[in-house]
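> show me the folded form of this:
(2 chains)
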Amino acid sequence: MRINFAEALARAIHESLAADSRVMLIGSGFMGLNMAARQMLDPALREFSDRISVTPVSELALAGAGIGAAMCGQRPIVDLSTGSFIFQAFAQVANEAANIHYMSGGQTSVPVTFYSLGGIRGAGAAQHSQRTQAMLGQVPGLQIFTPGGAEDAYGLMKWALLESQNPTVFISHSLLFAETAELVPGAPMLPVGKARIRREGRDVSIIASSITVPRAMAAAQTLEREHDVSVEVVDLRTIVPLDRETILQSVAKTGRAVIADECHRSFGVAAEIAAILAEEGLASLKAPVCRVTVPDVPIPYSPPLEAELTVTAEKIAAGVLRVLGR
Amino acid sequence: MAALNVAERVTAMLRIRRFEEQCIRLSKEGQFPGHYHVYIGQEATAVAACAALAPEDFIFSTWRNHGHLLARGAAPDRMMAEILGRSGGYAGGRSGTLHLSVRELGIPATSALVGGSLPLATGAALACKRRGSGVTVAFFGDAALEEGAFYEAMIIAAVWKVPILFVCENNSIPSEQRKRGQYTSSTLPAARLADVPQSLQIPTEVVDGADADALTDCFDRLVAEVRNSGGPRFVEVRCTRWPGNFPLWPELPGGEWQLAWAFGQQPDHADLAAWLQYSDPVLLYLCKLAAAGALDRAQMEAIDARVRSEMTAAARFALDSPFPAAAEAYRHVWAQAEGKR
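I've put the predicted structure just below:
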């Protein structure tokens, strides 16, 4: 069956609530300002209203309560709403959830999921367009899921809610909600920590995650059609754990790497992958790597200013042509 | 949840005091690095609170956690080994004094950030509510009221009506100490700390932290209320800070605490003498028991001797426990599936 990203999230949350009575929702927005997407979640919210906690605007304590409940036998998901709001909860996410298993010497595990609807979404301006995955990637002990396709939104959400023993930050993106994928009910999911080769190719590897996945796919189609370039697209799915092996194998095959990432350029996800290629894959590279990222400036409100900074399919394609020397 | 008899209560309080004295001694000998905080002067609070709890209940503490853990039943030898960073500690040396926790005793994690444990404790109480049994007790100091986490935790505890008892151990120093420019404490512009949760419709109480019997009555009643009604309660325990906490690092003014001080002798330290007379929960309780004929000096001496030897043995265990191997630094980042990342 073909489903879109928003349906996939709603379905995963609904099925998880039904499958395990420990699953509970702290907050229930999930779909942001998208009314159609919100309606998809309504059946789950109606059926399991006794497992949904109403939420004052108290992100710090809501995140902490999710951690506390997770330590004491529940499997909560905390909706932290717009991605930037996770800053309000950072002390609990980064300094409590991530550390507890380690600080307790392995006594206590924290199977909580923080849901964060991040990214440059259009007219969000500086404070509602944050991408926090690279910042959170600096915190050992947090799993960071960045699905770029509907089947992975479904699979990773269900895995986080039903199977994970560690705290997870699930980075969603409202511009992905309409992306569709084929979902085979009951089929096993690609394991967590394994990247997905979205498209095989010979000349260049594009390494992408979250919103840059469909944009990399669009760039690959254009490049094949207009420039006869064969592009491989690696969808990371999760940046923690990061599938170094698949990245290195793909680049060993193609010899060229373009890394498309919506974080800021400096110290970002792309920077980490470029470092891995420099340390472990230099011999495979026929050209320097290329990062296609957001310049190091806050996100402005006005549409042409925002567009100037956004990672688009066109910018990714231009990066590919650059590493090919064209 | 079985009520303690007087000898058990004296034992529980003295165990905390003698443990902390060992801690101060080992620190002064250079046996462990880093800052630490002792619970001397607040023993009766942890003992009374934990005596009111059942095994299924949860407690949350702070960087000043030794007393709470001991009162809940943690092993002093493994605690001391952890404080010394040794492999025999509860976290194999990863937590030290700051994050001491014992999951099997309902102490799943200890945050050393001011106010940091309050949201966690509220979540534990939510878990109690969902499973339909158990309560959570959160211990914190008065400075927590200066953190946003305090307000957010109070708000959601009140909105969700979860079974939690917030225990604010107000150990602010007396005003004359502050005037002398010493170590500052709470700077909250509220005349009564309880006014703050009261304004959020959380019932509050104030109790004297130097009165062991009053604390027992208070905690027995409040824990039962939380258990029965499921709603949050807040209690401010007023403790006068022990003079050994006035310097930046804990010290033992007048040396180790003496049982003889409960029987007419005086320490050679004026501030300590005044504190003992008015504010030491252990000494005041012993005086009361002696006056009432509930426990005589010989019985108290026997208890103290047993406790001292237990804590000497705990220090010995810790010193004999080896340091962890370097490779241990990499363990326990992730639950399960280790080594695959």
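> burial count for residue 155?
Since you didn't name a chain, this refers to chain A. Other residues within reach of residue A:155, judged by other Cβ atoms under 10 Å in any protein chain shown, total 23. For the C-beta atoms, the positions are set from N, CA and C on the backbone; glycine is no exception.
> the intended chain is chain B.
Neighbour tally, residue B:155, other Cβ under 10 Å: 18.
> how about residue A:178?
Residue A:178: 15 surrounding residues under other Cβ under 10 Å.
> for it, give me its contacts.
A:4, A:5, A:6 (Cβ atoms under 8 Å, 6 or more residues apart in numbering or on different chains).
> from those residues, which ones fall inside helices?
When the contacts of residue A:178 are checked against helices (DSSP state H), the matches are A:5, A:6.
> and which of the contacts of residue A:178 is nearest chain B?
Nearest to chain B out of the contacts of residue A:178 is residue A:5 (Cβ to the nearest Cβ; 26.5 Å).
> wait, that closest one touches residue A:151, no?
No - checked against Cβ atoms under 8 Å, the pair residue A:5 and residue A:151 is beyond contact range at 9.4 Å.
> any residues in contact with both of these two?
Both residue A:5 and residue A:151 are in contact with residue A:181, where contact means Cβ under 8 Å, 6+ apart.
> of those two, who's got more company?
More crowded of residue A:5 and residue A:151, by other Cβ under 10 Å: residue A:5, with 27 against 21.
> what's near enough to touch the more buried one?
Residue A:5 neighbours (Cβ under 8 Å, 6+ apart): A:147, A:149, A:150, A:153, A:176, A:177, A:178, A:179, A:180, A:181.
> chain B contacts on the stretch 201-326 of chain A?
With Cβ under 8 Å from any Cβ of the partner chain as the criterion, the stretch 201-326 of chain A comes near chain B at residues residue A:241.
> neighbours of whichever residue of the stretch 201-326 of chain A sits closest to chain B, how many?
Here the residue of the stretch 201-326 of chain A nearest chain B is residue A:241; by Cβ to the nearest Cβ that distance is 4.8 Å. By other Cβ under 10 Å, the residues close to residue A:241 number 19.
> before we move on, what about residue B:99?
By other Cβ under 10 Å, 23 other residues sit near residue B:99.
> picking that back up, farthest-apart pair in the contacts of residue A:5, please.
A:147 and A:178 (14.2 Å; Cβ to Cβ).
> what's the closest of the contacts of residue A:178 to residue A:196?
Checking the contacts of residue A:178 one by one against residue A:196 (Cβ to Cβ), the nearest turns out to be residue A:5, at 14.6 Å.
> domain parsing for chain A?
Split into domains by automatic domain parsing, chain A comes to A:2-182, A:196-323.
> quick one: the helices in the stretch 151-300 of chain A?
Using DSSP state H, counting those that start in this stretch, the helices of the stretch 151-300 of chain A run over A:212-227, A:244-254, A:269-280.
> can you pull the buried residues of the second one?
I take that to be helix A:244-254. Under the neighbour-count criterion of 16 or more other Cβ atoms under 10 Å in any protein chain shown, helix A:244-254 has A:244, A:246, A:247, A:248, A:249, A:250, A:251, A:254 buried.
> so which of those comes closest to residue A:10?
Out of the buried residues of helix A:244-254, the member with the shortest distance to residue A:10 (by Cβ to Cβ) is residue A:246, at 29.2 Å.
> can I assume the closest one is in contact with residue A:190?
No - the criterion here is Cβ under 8 Å, and residue A:246 misses it with residue A:190 at 10.7 Å.
> tell me the contacts of residue 255?
If you meant another chain, say so; for now it's chain A. A:284, A:285, A:286, A:287.
> can you look at chain B instead?
residue B:267 are the contacts of residue B:255 under Cβ under 8 Å, 6+ apart.
> one more pass at 10 Å, please.
Listed by Cβ atoms under 10 Å, 6 or more residues apart in numbering or on different chains, the contact set of residue B:255 reads B:21, B:267, B:268, B:269, B:272.
> sorry, back to before: need the contacts of residue A:255 in a markdown table (columns: distance to residue A:29).
Shown next, in a markdown table, are the contacts of residue A:255 (distance: Cβ to Cβ, whole Å):
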| residue | distance to residue A:29 |
| --- | --- |
| A:284 | 44 |
| A:285 | 43 |
| A:286 | 46 |
| A:287 | 44 |
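> how about those in a markdown table, adding pLDDT and neighbour count?
Output for those, formatted as a markdown table (pLDDT from 0 to 100; neighbours: other Cβ atoms under 10 Å in any protein chain shown):
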| residue | pLDDT | neighbour count |
| --- | --- | --- |
| A:284 | 97 | 18 |
| A:285 | 98 | 17 |
| A:286 | 98 | 14 |
| A:287 | 98 | 14 |
